[in-house]
Structures are given as structure tokens and as C-alpha cells.
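Peer 1: coordinates for the following, if possible.
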Amino acid sequence: MSGKSHRVVVTQNFFDPDTRRYLEKAGCEVVQAELPPGSADRNMDHDTLVSLLAGADGWIVGHAMVTRELMQALPDLKIISRRGVGYERVDCEAARDLGKVVCIAAGGNDASVADHTLAMMLAVGHRLRETQANMIDGNWKILSGRDLFRKTVGIVGLGRIGKSLVQRLQGFQARILVTTRTRDAAYAETSGVEYCDLDHLLRESDYVSLHAPLTDATRFLIDAKAMAMMKEDAILVNAARGGLVDDRALLETLRRGHLFGAALDTFVSEADATYQPVTAALLTLPNVVATPHAGASTKEGLIRTNRVAAECVVAVLCGGRLNPDCVVTDGRTPPPA
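Peer 2: Reported below is the predicted structural model:
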């Protein structure tokens with residue numbers, strides 16, 4: 001471990017004391033950004049980030065845009081460690097070109113997001129939002145909902161979160177269809193999942209749950225055509241990334257009465273402000289249950305992801321071994337022994 005003090009900036013609202021002490025014990029000076037109430041680092045502009053991160057060796061980041069221009073303005077910055085698992089807001093090619101390391105907190109929030117996904121499935125299926133709104137208005141009429149028990153659930157993308165969801169669905173005796181780039185026959189044997197193509201999954205599933213990364217290939221993967229393939233009483237769940245679903249097409253699909261409902265933790269409008277009216281309209285629909293990209297934000301999940309992100313920082317700055325599952329890109333040359 002190096003005796004030098006490394007400056008690590010945290011631009012997240014919640015950073016637990018134990019993880020802070022872990023960094024300090026490793027020889028890091030921890031600086032936590034003070035964000036206005038209700039704000040997040042995604043709201044910080046380039047100049048604010050440059051001022052805050054000047055001289056920093058490490059950055060534990062949430063949802064800020066990490067551009068080539070920003071990284072060029074921060075020559076001392078060695079590692080960008082995301083407290084989360086998505087990295088589409090980081091210019092990874094630029095990071096590699098500039099000799100920086102980009103990491104994600106792999107394995108930290110799987111359970112939290114899987115729990116959240118299951119909760120949203122049940123909330124839409126049992127019409128909890130509609131029922132409570134009616135009761136507030138004095139209408140105690142009982143609405144007929146949908147079971148999850150023994151239903152067919154289609155999972156698009158089978159990473160850690162997808163597999164965590166599979167474990168939970170087994171308790172509902174669900175038939176589980178999976179569309180993924182790689183098919184593990186041994187996993188299918190032990191878990192009981194059935195691999196299939198996307199079209200088959202859409203046609204057969206009572207619930208469709210998205211757990212894929214956002215890439216050029218997956219952007220608007222669930223568009224108007226895909227939604228038309230789904231059962232009229234199916235439920236669509238997106239707790240992965242805004243942009244996997246064409247939200248404008250989803251709004252029109254729901255307004256036509258095709259689909260029982262939708263559960264949304266992510267929205268196109270998070271990255272594209274022109275979709276804000278679409279998001280606002282979706283939120284008004286009684287058969288939409290929505291949360292503000294909060295699936296990973298349990299106290300326990302945040303503590304876990306804080307720690308994984310911090311461990312990546314310590315490995316890079318203090319000469320330790322990086323967990324390969326956490327590495328998105330490593331621009332150091334030559335790499336450490």
C-alpha cells in the first residue's frame with residue numbers, strides 16, 4: 001500500500017461511514033460533494049465537475065456524464081468508479097485513450113433491483129395504485145387483478161440481476177423464458193429456465209421484464225412492433241435502462257388498451273429531455289407503476305455498492321488487485337503486475 005494520500009471525490013448523496021473509513025484507512029482523503037436537496041450528480045455541469053474534481057485521483061460517481069472533454073480536464077484522475085452497474089454515461093473509449101480505469105460495482109445491487117422488479121410486477125398485477133387511488137376517493141370497489149403464480153415470465157438479459165430475479169420467481173412456480181446473447185445449458189438445467197428468441201418470448205409471456213444493458217443494438221429494443229407481439233393482457237417491466245423501451249410507443253400502446261399495464265423504474269427522458277412530456281403522460285396512467293430509477297436504492301444495496309466501488313478505487317490507487325468483473329476498461333499501460 002502506498003504511503004501517499006490519494007484524493008477521492010464522492011458525488012453521491014449517500015456514502016456510509018464504514019466505507020468512508022475503509023478508504024481513509026487505505027490512505028485516501030475522502031471528499032464528499034454537497035449536493036442541493038433533491039439533486040444528483042447528473043445535474044452537475046462540466047465546469048462544476050471540473051472544479052470539484054481538480055486534483056482528484058479517484059472519483060466515485062453516480063449518474064454524471066463522464067465525457068472525453070471532462071476527463072481531459074482532469075489529468076490527475078486515475079479511476080472512475082461507478083456506484084452502480086451501468087456505464088453508458090461514461091465515454092469508455094476516451095477513458096482508455098487517456099489512460100484511465102472505469103469500474104462498476106458488479107454484484108452490489110443485484111438483490112435490491114431483483115426485489116424491486118418483483119415488487120413492481122406484483123403492484124401492477126394486483127392493481128395496487130388504482131385500488132388505493134379509488135379508496136382515497138371513497139370508492140372501495142374491488143378491482144380484479146392478475147396472479148404472478150404459475151404465469152409465464154420473459155426475462156430479456158440474464159446477468160446477475162436477471163439471475164437473481166429467476167431465483168425469486170421460482171417461488172411463484174413461474175415458467176421462465178429467457179432471451180440472452182449466451183446460453184448456458186448447465187444453468188438452464190439447474191434453474192429450469194427456457195432459452196428462446198425475443199419474438200417467441202414476447203408472444204408467450206404474461207410478464208416481460210428487461211435486464212439488458214443499453215447499447216446501440218438494444219436501444220428501443222421494445223418498440224411499437226415488439227409491443228404489438230405481446231399478449232393484450234401482458235405486463236411490461238423496465239427496471240434496467242431508459243432507452244430499452246420506446247416510451248412514446250408504450251404510451252400509445254397503453255392508451256389503446258393493449259397491455260394490462262407497465263412497471264417503469266427507468267425512462268428515456270433521463271437522457272433525452274424531449275421525452276419529458278412522454279414520461280409525464282405515462283405517470284398519469286392508472287395502470288403504470290413508476291419509480292425514479294430507484295431500484296438499487298435500498299440502504300443495504302447502497303452500502304454494498306459503495307463498498308465495491310471503494311474497493312475498486314483502493315485497488316487502482318494503492319496497488320491492489322481489481323476484481324475483473326468490475327472492470328469496464330483499463331487504460332493503464334503497462335497494466336500492474
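Peer 1: mind jotting down where the strands sit in the protein?
Peer 2: Per DSSP state E, the chain carries strands over the ranges 6-10, 28-32, 58-61, 79-82, 101-103, 152-156, 175-179, 194-195, 207-210, 235-238, 261-264, 288-290, 327-330.
Peer 1: dump the ones you listed into JSON lines; add mean pLDDT and distance to Asn134 as well.
Peer 2: For the C-beta atoms, the positions are set from N, CA and C on the backbone; glycine is no exception. JSON lines is the format used below for the strands of the chain (pLDDT from 0 to 100; distance: least, Cβ to Cβ, whole Å):
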{"stretch": "strand 6-10", "mean pLDDT": "97", "distance to Asn134": "43"}
{"stretch": "strand 28-32", "mean pLDDT": "96", "distance to Asn134": "43"}
{"stretch": "strand 58-61", "mean pLDDT": "98", "distance to Asn134": "42"}
{"stretch": "strand 79-82", "mean pLDDT": "98", "distance to Asn134": "41"}
{"stretch": "strand 101-103", "mean pLDDT": "97", "distance to Asn134": "47"}
{"stretch": "strand 152-156", "mean pLDDT": "98", "distance to Asn134": "28"}
{"stretch": "strand 175-179", "mean pLDDT": "98", "distance to Asn134": "32"}
{"stretch": "strand 194-195", "mean pLDDT": "98", "distance to Asn134": "38"}
{"stretch": "strand 207-210", "mean pLDDT": "98", "distance to Asn134": "24"}
{"stretch": "strand 235-238", "mean pLDDT": "98", "distance to Asn134": "20"}
{"stretch": "strand 261-264", "mean pLDDT": "98", "distance to Asn134": "15"}
{"stretch": "strand 288-290", "mean pLDDT": "98", "distance to Asn134": "15"}
{"stretch": "strand 327-330", "mean pLDDT": "96", "distance to Asn134": "46"}
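Peer 1: between these, which one is closest to Asn43.
Peer 2: With Cβ to Cβ as the measure, strand 58-61 is the member of these nearest Asn43 (13.0 Å).
Peer 1: okay, now the sheet partners of the closest one, with direction.
Peer 2: Strand pairing for strand 58-61, determined by DSSP bridges: strand 6-10 (parallel), strand 79-82 (parallel).
Peer 1: now the shortest one: buried residues?
Peer 2: Within strand 79-82, the residues that qualify as buried by neighbour count (16 or more other Cβ atoms under 10 Å) are 79-82.
Peer 1: nearest to Glu189, of those?
Peer 2: Nearest to Glu189 among the buried residues of strand 79-82: Arg82, at 33.6 Å, using Cβ to Cβ.
Peer 1: which strand residues bridge the closest one?
Peer 2: As for beta bridges, Arg82 partners with Val61 under DSSP bridges.
Peer 1: for it, give me its contacts.
Peer 2: 61-62, 90, 102-105, 309 (Cβ atoms under 8 Å, 6 or more residues apart in numbering).
Peer 1: number of residues surrounding Lys25?
Peer 2: Per other Cβ atoms under 10 Å, the neighbour tally for Lys25 reads 10.
Peer 1: what does the model give it for pLDDT?
Peer 2: On pLDDT, Lys25 comes in at 96.
Peer 1: next one: Asn43
Peer 2: pLDDT, Asn43: 84.
Peer 1: can you check the one 10 residues further on too?
Peer 2: On the pLDDT scale, Leu53 is placed at 96.
Peer 1: who are the contact partners of it?
Peer 2: Neighbour list for Leu53: 9, 59, 74, 77 [criterion: Cβ under 8 Å, 6+ apart].
Peer 1: next up, the contacts around the residue most central in space within the chain.
Peer 2: When Cα atoms, centre = their mean is applied to the chain, the residue found nearest the centroid is Ala240 (4.7 Å). By Cβ under 8 Å, 6+ apart, the contact list for Ala240 reads 157, 161, 210-214, 266.
Peer 1: looking at the residues you listed, which are in helices?
Peer 2: Members of these lying in helices (criterion: DSSP state H): Ile161.
Peer 1: turn the contacts of Ala240 into TSV, columns for distance to Gln132.
Peer 2: Converted to TSV, the contacts of Ala240 look like this (distance: Cβ to Cβ, whole Å):
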residue	distance to Gln132
Gly157	31
Ile161	28
Leu210	26
His211	28
Ala212	32
Pro213	34
Leu214	32
Thr266	23
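Peer 1: which one of the contacts of Ala240 is nearest Glu69?
Peer 2: Using Cβ to Cβ, Leu214 comes nearest to Glu69 of the contacts of Ala240, at 21.7 Å.
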